[in-house]
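Asks: One predicted model, sequence on top.
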Amino acid sequence: MSVSTTAGNPGSRLLLSPLWLRLSSLGTLLISICLLLHSLGVNAFKRQFVGALVPTLLAALSFAIFLTAYSLLHLRREHQNTDQAFHDTHCEFSSIFQTVLDGVLILDDEANCLDANPAAASILRVPRHSLLGKSIRSFFMNCDTFSQDWRTFLQRTCQRGRAELVAGDEKTVFVDFTAAANYLPGRHIFILCDVTERTRAEKALRQSEERFRYMADNIQEIIWTMDAETKEVAYVNQAYVAISGHSIDTLYKNPLSYRELIHPQDRIRVLSKLQEVVVSGSFDEEFQFIHASGAVRWIWVKAHSVRENDRVRWLVGTAQDVTSRKQAEKQIAEHLDATEAARAEAEALRKSTLALSKNLAMDSVLDTLLQCIRELVPFNKATVLFVEDVTHLMVAREATLNEPKRAGLVLSALENIFLQRILFERKPVLLSDTAMEPDWRDSPPFDRSRSWIGIPLSAAGNIIGILSLSSHSPATFTTEHLRLAKNLAVSAAVAIQNARVHERAEIYASELELRLHQLREAEKALHRVGAMSTYPDQGPTPTSI
């Protein structure tokens, strides 16, 4: 820096002359002036001063000559130092010019190269001697544009930018340039920095980002990035709009607004799991969220942590709408439940049918029927009514909870419109709440009934009875209970009909056995009579009898 300062202002060496030299010169000047003035004012008769004045003048003159010679010698030394400084500065600048990594071109007003450093020749891929005197216009991709920009540059005196050049080997070179006009009259400096690799890397990165954005904007899953510390969303793709129904700008304005989309039932669990990602390193949860339309949907979110400088900096993950899968799983579960229920129902009906058909005794059939119906339908009272005639029904069997059982009670169907409907329409009746039915009569065996089911017992096309189920609470029975009771009633009616046939068969068998017994007794009596007629001496004859 000192060399450059000295070379830039050589006259400053004079200002740095020794202080004693300047003071001595000034003192000699003042003494000379005083002696001169004194010599002019001395009278002729004062000869005694003349002898002293001359030596003094000679001494002053000698001292002045010494000072002048010393000054000339000092100036010569200063001049040599200044030349050396200029030489050192030139060497320094020349060394910088030759070894600097950026290309430096000295141009004239026509953009012709007056001088160039080796770096410029390397960047432009031409020998340095071929570059001298050549216009740099030939290296630019668009010469016409360069000519216009060159004129603008000469007016502005400085310019920065990036240019695409065609090097001497016909390859494309990208450079960042800095130009300064008229650093000397008619001389312009042009500095080039080769950024070809960086430009290509930037272009490749830009293309990669464009491909990523194209993929991210067209994929059906949400791709997101979140700050690991603040849990604020930094990036999200367009799938966020399609899945959530909210705009991306809304999320960017409030990076924590995604929390409000999580369903309240799952919000605490999901947010606590999200806090643990920094330690666990992964996140994999399915939970409900609220769509912009207000609909509740399901989403599957997966994420992992990304470390920077030995600490977790980002959370990167995906989110997929799995509402359709959840609905399908729910339907499958419902179908499985329905299948299992149907299997259990079929098994129960099979066992019930087997139990009903195992014994042909009427009492056993009725007890089995009421026991089986209890396993399928919840009730407080179950009654089996047999049809006596067109208008009368008899209580054949009754099962109750903590109530006296009735049997043999005969009631008229004409007094109950619902019994009439079952008998004549041959269709079951379900009353969810008897209090809402104005035609309902709270009379035995239907007293205290709030829910009621009546099912006809049909066999061989005839109504042989009615199965009555009652509950003390309203809305106890459902259509499913009605269906189960109807299915069981089919087997029960057949079993009851078979029991009746069996009872009749037993009665007929008993009567037949009695008749056979009577016939045998009559035959024995005839044999005795015949024997007495053959041997009269042994007894009276039949006529005498």
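Replies: Done, it's in. Numbers count the residues shown, from 1 in each chain.

Asks: okay, CA-based contacts and neighbour counts for the rest of this
Replies: OK.

Asks: Please report the distance of residue 426 from residue 76.
Replies: Distance, residue 426 to residue 76, using CA to CA, to the nearest Å: 143 Å.

Asks: of the two, who's got more company?
Replies: residue 426 (18 against 12; other CA atoms under 10 Å).

Asks: can you tell me which residues contact that one?
Replies: Residue 426 sits next to 456, 463 when contact means CA atoms under 8 Å, 6 or more residues apart in numbering.

Asks: Can you tell me how far it is from residue 277?
Replies: According to CA to CA, residue 426 stands 67 Å off from residue 277.

Asks: In CSV, list the C-alpha atoms belonging to stretch 298-315.
Replies: Output of stretch 298-315 as CSV, limited to C-alpha atoms (Å, rounded to 0.1, in the frame of the first residue of the first chain):
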residue,chain,number,x,y,z
TRP,A,298,-59.6,-39.6,6.5
ILE,A,299,-55.9,-38.9,5.7
TRP,A,300,-52.7,-41.0,6.0
VAL,A,301,-49.6,-38.9,6.8
LYS,A,302,-46.0,-40.2,6.8
ALA,A,303,-42.9,-38.1,7.5
HIS,A,304,-39.2,-38.3,8.4
SER,A,305,-36.7,-35.9,9.8
VAL,A,306,-33.9,-34.2,7.9
ARG,A,307,-30.8,-33.1,9.7
GLU,A,308,-28.6,-30.0,9.0
ASN,A,309,-25.4,-29.2,10.9
ASP,A,310,-26.0,-32.2,13.3
ARG,A,311,-29.5,-31.1,14.3
VAL,A,312,-33.0,-31.9,13.0
ARG,A,313,-33.9,-28.9,10.7
TRP,A,314,-36.8,-30.1,8.6
LEU,A,315,-39.7,-32.6,8.6
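
Asks: can you list the residues that contact it?
Replies: 225-229, 277-278, 281-289, 316-323, 326.

Asks: Give me the buried subset of those residues.
Replies: Among these, those buried by neighbour count (16 or more other CA atoms under 10 Å) are 225-228, 277-278, 282-284, 286-289, 316-322.

Asks: tell me what the one helix or strand residue 92 maps to is packed against?
Replies: Here residue 92, judged by DSSP states H and E, is contained in helix 50-99. For helix 50-99, the elements it packs on are helix 2-8, helix 12-15, helix 19-40, helix 118-124, judged by 3 or more CA pairs under 8 Å, 6 or more residues apart in numbering; DSSP states H and E.

Asks: doesn't residue 377 make contact with residue 481?
Replies: Yes - contact criterion CA atoms under 8 Å: residue 481 and residue 377 qualify, at 5.8 Å.

Asks: Tell me how far the helix holding residue 92 lies from the chain's centre.
Replies: For helix 50-99, the separation from the chain centroid amounts to 84 Å (computed by CA atoms, centre = their mean, to the nearest Å).

Asks: That one: what's the following helix or strand?
Replies: strand 103-107.

Asks: and the next helix or strand after that next one, what does it pack onto?
Replies: The C-terminal neighbour of strand 103-107 among helices and strands, as given by DSSP H and E, is strand 113-116. If contacts are counted by 3+ CA pairs under 8 Å, 6+ apart, strand 113-116 sits against strand 103-107, helix 128-131.

Asks: what number of residues lie near residue 524?
Replies: Neighbourhood size, residue 524 [other CA under 10 Å]: 12.

Asks: packing partners for the one helix or strand it maps to?
Replies: For residue 524, the element it lies in under DSSP H and E is helix 479-534. Applying 3+ CA pairs under 8 Å, 6+ apart, we find helix 479-534 packed against helix 323-358, helix 362-376, strand 451-459, strand 462-471.

Asks: Centre of the chain to that helix, how far?
Replies: 79 Å.

Asks: now that helix and strand 451-459, what's the angle there?
Replies: Between helix 479-534 and strand 451-459, the angle comes out at 40 degrees (axes from the mean of the first three to the mean of the last three CA atoms, to 10 degrees).

Asks: could you check the angle helix 362-376 makes with helix 479-534?
Replies: For helix 479-534 against helix 362-376, the angle by the same axes, to 10 degrees is 170 degrees.

Asks: quick check: angle from helix 479-534 to strand 462-471?
Replies: Between helix 479-534 and strand 462-471, the angle comes out at 130 degrees (the same axes, to 10 degrees).

Asks: Show the average pLDDT along helix 479-534.
Replies: The pLDDT scores in helix 479-534 average 81.

Asks: returning to that earlier point: any idea of the angle the helix holding residue 92 forms with strand 103-107?
Replies: 120 degrees.

Asks: mind listing what the helix or strand where residue 188 lies pairs with, with the direction of each?
Replies: Per DSSP H and E, residue 188 falls inside strand 187-194. Next to strand 187-194 in the sheet, as set by DSSP bridges, lie strand 103-107 (antiparallel), strand 172-184 (antiparallel).

Asks: could you dump these to a markdown table with distance to residue 94 and mean pLDDT?
Replies: Listed next are the strands paired with strand 187-194 as a markdown table, based on distance: least, CA to CA, whole Å; pLDDT from 0 to 100:
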| stretch | distance to residue 94 | mean pLDDT |
| --- | --- | --- |
| strand 103-107 | 12 | 88 |
| strand 172-184 | 17 | 87 |
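
Asks: ok, now how distant is residue 132 from residue 395?
Replies: Per CA to CA, residue 132 is found 128 Å from residue 395.

Asks: mind checking how far stretch 144-163 is from the chain centre?
Replies: Between the centre of stretch 144-163 and the centre of its chain there are 51 Å (CA atoms, centre = their mean).

Asks: ignore the last one, stretch 454-471
Replies: For stretch 454-471, the distance to the chain centre is 59 Å (CA atoms, centre = their mean).

Asks: Give me the buried positions along it.
Replies: Residues 454-459, 463-471 are the ones in stretch 454-471 that count as buried (16+ other CA under 10 Å).

Asks: These: which two are farthest apart?
Replies: The most widely separated members of the buried residues of stretch 454-471, counting by CA to CA, are 459 and 471 (26.9 Å).

Asks: Note down every partner strand of the host helix or strand of residue 396 and its orientation.
Replies: Assigning secondary structure by DSSP H and E places residue 396 in strand 392-400. In the sheet, strand 392-400 lines up against strand 381-387 (antiparallel), strand 410-412 (antiparallel) (DSSP bridges).

Asks: Format the CA atom coordinates belonging to that strand as CSV.
Replies: Only the C-alpha atoms of strand 392-400 are listed here, as CSV (Å, rounded to 0.1, in the frame of the first residue of the first chain):
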residue,chain,number,x,y,z
HIS,A,392,-111.4,-67.2,19.8
LEU,A,393,-107.8,-67.8,20.9
MET,A,394,-106.6,-69.8,23.9
VAL,A,395,-103.3,-69.1,25.8
ALA,A,396,-101.4,-72.4,25.4
ARG,A,397,-98.1,-71.3,27.0
GLU,A,398,-96.7,-68.1,28.5
ALA,A,399,-93.2,-67.1,29.6
THR,A,400,-92.8,-64.1,31.8
